[in-house]
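S.K.: what follows is a protein structure lacking sequence information:
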């Protein structure tokens, strides 16, 4: 059974849809792999951040996207936060937002 992708909020989905077309195309490919492989998806496509937080790592000629996600019971994947990466390292504020939403999702 495949995993089902959901978005924390419609703004997260809108952010992903606003990405450059080449990054969005890679994101679509990675989401397909994620629905098929779930937690088994690893680098270079996905990376674990600990405490149940993961990042999907789409890229294209025009940039690099990041989408933080988590797994829920019932083979559900929730995309918590997404952004276009502008520096080598993931900015702290982006990671904090993803962790905040993860906590909110898990603990109400």
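M.R.: That came through, no problem. Remember, it's a predicted structure, so these values are computed and weren't measured experimentally. Numbering: from 1, shown residues only.
S.K.: surely residue 68 is in contact with residue 80?
M.R.: Yes. Counting by C-beta atoms under 8 Å, residue 80 is a contact partner of residue 68 at 4.8 Å. To be clear about C-beta, it is placed using only N, CA and C from the backbone, and glycine gets the same treatment.
S.K.: from residue 59, how far off is the most centrally placed residue in the chain?
M.R.: In the chain, the residue lying closest to the centroid (C-alpha atoms, centre = their mean) is residue 67, at 2.6 Å. When distance is defined by C-beta to C-beta, to the nearest Å, residue 67 is 12 Å away from residue 59.
S.K.: same check on residue 77?
M.R.: Distance check for residue 77 against residue 59: by C-beta to C-beta, it reads 20 Å.
S.K.: the two: who's more crowded?
M.R.: Neighbours of residue 77 and residue 59, each counted by other C-beta atoms under 10 Å, are more numerous for residue 77; the result is 21 against 16.
S.K.: thought that one was touching residue 68?
M.R.: No. With contact defined as C-beta under 8 Å, residue 77 does not count as touching residue 68 (11.0 Å).
S.K.: ok, residue 79 - contacts?
M.R.: For residue 79, the contacting residues are 5-8, 12-13, 16, 56, 67-69, by C-beta atoms under 8 Å, 6 or more residues apart in numbering.
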